[in-house]
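> Generate coordinates for the sequence data below:
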Amino acid sequence: MKYAILWVLIIQGFTQALIAQEKVEGEKSFKNTFRFNITNPFILSKKSLIFGYERVLSDHQTISLNVGRASFPSLNLIDSDSLKANSSDKEKGFNFSVDYRFYLSNENKYNAPRGVYIGPYYSFNYHERKNYWALKSTSGGGTQSIETKTSLTIHTVGAQLGYQFIFWKRVSLDMILIGPGISAYNLKASIGTNLTEEDKMKLFDRLNEALEEKFPAYNKVIDEGEFQRKGSANTTSIGFRYMIMVGFRF
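I've put the predicted structure just below:
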C-alpha cells in the first residue's frame with residue numbers, strides 16, 4: 001500500500017511540474033539547495049531523518065551529499081507461542097551518500113539543477129537494534145529471556161537516473177527514479193544467552209522473517225540458510241537506490 005501511494009505522489013509531481021516548468025523564465029540563479037529525504041520516513045520509520053545538500057559546480061554539473069539518522073525498523077511483529085518480542089532497548093543507524101550529477105544539456109531547457117540528470121553514487125547504511133525476547137525452548141524447558149543485537153551494514157556503488165523540478169524559483173522536488181548498483185551486505189545477530197543449536201536456529205529463522213518483512217528486496221540478497229545457521233550473512237549482490245527529496249534553494 002505504501003508503494004502505491006508513493007507512485008501516485010510521483011505521478012502527481014510529474015504532472016504539476018511539467019506545467020510549472022513552462023511558466024518559469026529568467027529566474028535568478030541559486031547555486032545551493034538544502035533538502036529533506038521524505039522516502040525513508042515514509043517506507044521505513046518516522047525516526048529516519050536524512051538531510052541533503054546539492055551544490056551547482058557548472059551549468060550542467062552538481063555534487064550532492066546526504067547524511068542523517070537511519071532508524072532500524074521495529075521487530076515487534078514477532079509474537080507467537082514459542083517466541084515473543086518483549087521490548088526494544090536501543091536502536092541506532094546512520095546514512096551517508098554522495099553523488100556527482102550530470103544534467104543533460106540536450107534534454108533540459110534550463111541549467112542545473114533542473115531537469116534530467118545521470119551520474120555515479122556511493123551510499124553507506126548502518127542499522128542496529130537491541131531486543132529482548134521470551135523464547136520457549138524446543139528441549140521442553142521453560143521460557144527463557146533472550147537478548148539479541150541485530151546489525152545490518154550496506155555499502156553500495158552505482159549509477160542513477162533522476163529528475164529535479166523547481167517550483168516558485170526556490171522550492172525543489174528531486175526524484176531519483178532508477179539507481180542500480182553493486183552492494184556489499186553484512187548482517188549479524190548476536191545472542192546474549194547460551195542456547196541450544198536448535199533454539200538458535202529457531203530464533204534466527206524468526207528474525208530473518210521479520211527483517212524480510214521490513215526491508216524491501218531483503219530476501220533477494222540475504223542467504224536465508226546461512227543466516228539461520230550462523231546468525232550472520234555476508235554477500236555482494238545487486239543493489240538499488242530510489243528516493244524523493246524536497247528542498248529549498250538559496
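> For the helix or strand hosting residue 175, which helices and strands make contact with it?
Element membership of residue 175, judged by DSSP states H and E, is strand 171-178. Packed against strand 171-178 by the contact rule (3 or more Cβ pairs under 8 Å, 6 or more residues apart in numbering; DSSP states H and E) you find helix 2-23, strand 32-37, strand 143-167, strand 243-249. Backbone N, C-alpha and C define where each C-beta goes, glycine included.
> Check these for me: which has the lowest mean pLDDT.
Of all those, the minimum mean pLDDT falls on helix 2-23 (a mean of 47).
> quick one on the thing from earlier: so the strand holding residue 175 versus strand 32-37, what angle?
Relative orientation of strand 171-178 and strand 32-37, computed by axes from the mean of the first three to the mean of the last three Cα atoms, to 10 degrees: 60 degrees.
> now strand 171-178 and strand 243-249, what's the angle there?
Using the same axes, to 10 degrees: strand 171-178 against strand 243-249 is 150 degrees.
> ok, and for strand 171-178, which residues are buried?
The neighbour-count check on strand 171-178 (16 or more other Cβ atoms under 10 Å) flags 172-176 as buried.
> now it: mean pLDDT?
Strand 171-178 comes out at a mean pLDDT of 96.
> Just after it, pick out the following helix or strand.
strand 181-191.
> what packs against the next helix or strand after that following strand?
Later in the chain than strand 181-191, the nearest helix or strand by DSSP H and E is helix 197-214. Counting contacts by 3+ Cβ pairs under 8 Å, 6+ apart, helix 197-214 is packed against strand 83-103, strand 115-136, strand 143-167, strand 181-191, helix 218-221, helix 224-230.
> So which residue is smack in the middle of this protein?
Closest to where the C-alpha atoms of the chain average out (Cα atoms, centre = their mean) is residue 40, at 5.7 Å.
> Name the nearest residue to that one, sequence neighbours excluded.
In space, and not counting its chain neighbours, residue 40 is closest to residue 48: 3.7 Å by Cβ to Cβ, 6 or more residues apart in numbering.
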